[in-house]
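Engineer: got a sequence here, can you model it:
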Amino acid sequence: MAYQVLARKWRPSNFTQLVGQEHVSQSLIHALQHNRLHHAYLFTGTRGVGKTTVARILAKAINCENLQDYNPCGACPICLDFEQGRFMDLIEVDAASRTKVEDTRDLLDNVQYAPNQGRYKVYLIDEVHMLSGHSFNALLKTLEEPPAHVKFLLATTDPHKIPVTVLSRCLQFNLKRLLPDQIATQLRFILNQEQIDFEDTALKLLARSADGSLRDALSLLDQAIVYGSGSVNLASVTSMLGTVAQQPIDDILRALAGADARAVMSKIAEIAELSPNFSDILQEILRVLHRVALTQQLPDFIDNEFDQQLINHLADIFLAADVQLFYQIGLIGQRDLELAPDARAGFEMVMLRMLTFRPETTRSRNEETRSLVTVKPRNADSNVLVKSPALSVKTENQINEPVITTEVKANHWSEIIVALNLTGRSRELANNCVLNTIDEHTCHLLIDPGFQQVGSIAQDKLKAALQNYFKRPLKLLITHQESPQLTPAIEMQKAREDKQQAAVDSIDADVNVQELRSAFGARILPGSIEPLN
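Structural biologist: Sure thing, here's the model as predicted:
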């Protein structure tokens, strides 16, 4: 017997066997259950997600003589004829090869005739967006008022090319791209049924390469079985797909964490000898960085797809800010990779950008380049003591000069606010706080309990301004708490009141004003005195 490819052999024959399209299968089962079948259905989605398969299952279900839980039974004469391609009332057409209006008219000539075998005559038109404008016009009238015994099932990968007049007459279902885990689970089930040895890591790699299409995954699985001489293992799948093993990618990430440009370039040179797809390598680096970021924020997060020990190690040696920066640079670099003179050069530039744009304060943990800041409580001293970073200036004649350390006094909080160049709500927030403590990682502000915070956006802007002012990453902590120190807002209000009172006293003491009062009974209108700026 001729070999049947897995994509055809394991094509679902009922709604229960569909993978990842529960929102579609549930709706169609409910329609069958309540006998509320629409006359025209449109199934959309990318290639290989099951559009035509769902249409065929629905065509079989509405004609099946013995539905089992509203699934085709697979045993009645109608179902058997369906599976063997002998059901006369299913007219299946590939619109890509029959785009002319004459083809559409010929197709619809027999619409008025009753079905031969089943309850309904079903027109299944695949890639319906390929029909010409005249063909859609010919189809439109029949689609609007079809005979009771006719159902239209349309499938397309590009619904935007279908006229809105046709779309409005169809019940539309959008089939989703499948997740890698869903694809890998189905591949595992099929291989167990086929009694073929496999490795889970190989299936996960195939599932990712399928890019959301189960049919593509099954085609790749067929190829992997042949390539691996009857088994599916990671080494053969990696070689077949032309991808790079995980170890070189892990080495690149370790070199990035250590800011070792020489090691990064050396590892890229080793990878280049394998003629890899550098876009795939960059994708894998982004996937690992994503897992590292999750682990840093959620230490209990476990993902069996990666070596958890490695992920934990990378989470320890990377700063969270660096992970976010590298991920963003990688995303933009992947978009621009095609514009590079060659793929390797583009990939190298992405890695060099990660090293170059790394903040100075995090560029090397072995170099003492970050500020060490200690702050006395505000109620102890109105000024903040700051230990400045070690100053080490080396020239050709002063290689071994000793490190010079100095201690200087930082600006008052009000003066710091002026230096931050804040505006709007963020400045209002800063003016209603007092600086309590600040260290290498955290800036702690106390805010008047009676002041309502102005929102997270203002707080984020204040945090960014502080980080820029102190030249290092800082966590901003704001606590509602009374403070013996006056906030800048209260100080400014008090200064305005004192200035206003001084202006009033000056007017009252003026000799001319006193003479006007005594001679004419003049008086000063309340609120008419304003101090000069």
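
Engineer: pLDDT of the strand or helix carrying L206, averaged?
Structural biologist: Using DSSP states H and E, L206 falls within helix 200-209. Averaged over helix 200-209, pLDDT sits at 86.

Engineer: what residues of it count as buried?
Structural biologist: Using 16 or more other CB atoms under 10 Å as the test for burial, helix 200-209 gives T201, A202, L203, K204, L205, L206, A207, R208, S209. C-beta coordinates here come from the backbone N, C-alpha and C atoms, glycine included.

Engineer: which one of the residues you listed sits closest to L191?
Structural biologist: Nearest to L191 out of those is L203 (CB to CB; 7.7 Å).

Engineer: N233 is in contact with the closest one, correct?
Structural biologist: No - using CB atoms under 8 Å as the test, L203 is too far from N233 to be in contact (10.2 Å).

Engineer: and the helix holding L206, what does it pack onto?
Structural biologist: If you count contacts as 3 or more CB pairs under 8 Å, 6 or more residues apart in numbering; DSSP states H and E, helix 200-209 packs onto helix 180-194, helix 214-227, helix 234-241.

Engineer: how about these, which one is nearest T99?
Structural biologist: Nearest to T99 among the helices and strands packed on helix 200-209 is helix 214-227; the distance by CB to CB comes to 23.9 Å.

Engineer: check which residues of the closest one are buried.
Structural biologist: Result for helix 214-227 [16+ other CB under 10 Å]: buried residues L214, R215, D216, A217, L218, S219, L220, L221, A224, I225, Y227.

Engineer: give me the angle between that helix and helix 234-241.
Structural biologist: Inter-element angle recorded for helix 214-227 and helix 234-241: 110 degrees (by axes from the mean of the first three to the mean of the last three CA atoms, to 10 degrees).

Engineer: angle of helix 214-227 against helix 200-209?
Structural biologist: Using the same axes, to 10 degrees: helix 214-227 against helix 200-209 is 140 degrees.

Engineer: output the below-cut-off pLDDT ranges for this structure.
Structural biologist: 1, 242-246, 303-306, 360-411, 452-455, 533 (pLDDT under 70).

Engineer: residue furthest from the geometric center of it?
Structural biologist: What lies farthest from the middle of the chain is A519; by CA atoms, centre = their mean that is 79.9 Å.

Engineer: what helix or strand does it sit in?
Structural biologist: Using DSSP H and E, A519 sits in helix 511-520.

Engineer: could you look up the SS state of the residue lying closest to N63 once chain neighbours are set aside?
Structural biologist: Leaving aside its sequence neighbours, N63 sits nearest to G118 (CB to CB, 6 or more residues apart in numbering; 3.3 Å). Of the three states, G118 takes coil under DSSP: H, G, I helix; E, B strand; the rest coil.

Engineer: what residues are up against G118?
Structural biologist: Residues in contact with G118 (CB atoms under 8 Å, 6 or more residues apart in numbering) are I62, N63, I78, F87, D89.

Engineer: now a ChimeraX select for only the buried ones of those residues.
Structural biologist: To isolate the buried members of the contacts of G118 in ChimeraX, using 16+ other CB under 10 Å:
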select :62,63,78,87,89
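
Engineer: tabulate the contacts of G118 (TSV), appending distance to K494 and secondary structure.
Structural biologist: Formatted as TSV, the contacts of G118 follow (distance: CB to CB, whole Å; DSSP: H, G, I helix; E, B strand; the rest coil):
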residue	distance to K494	secondary structure
I62	81	coil
N63	86	coil
I78	90	helix
F87	90	coil
D89	90	coil
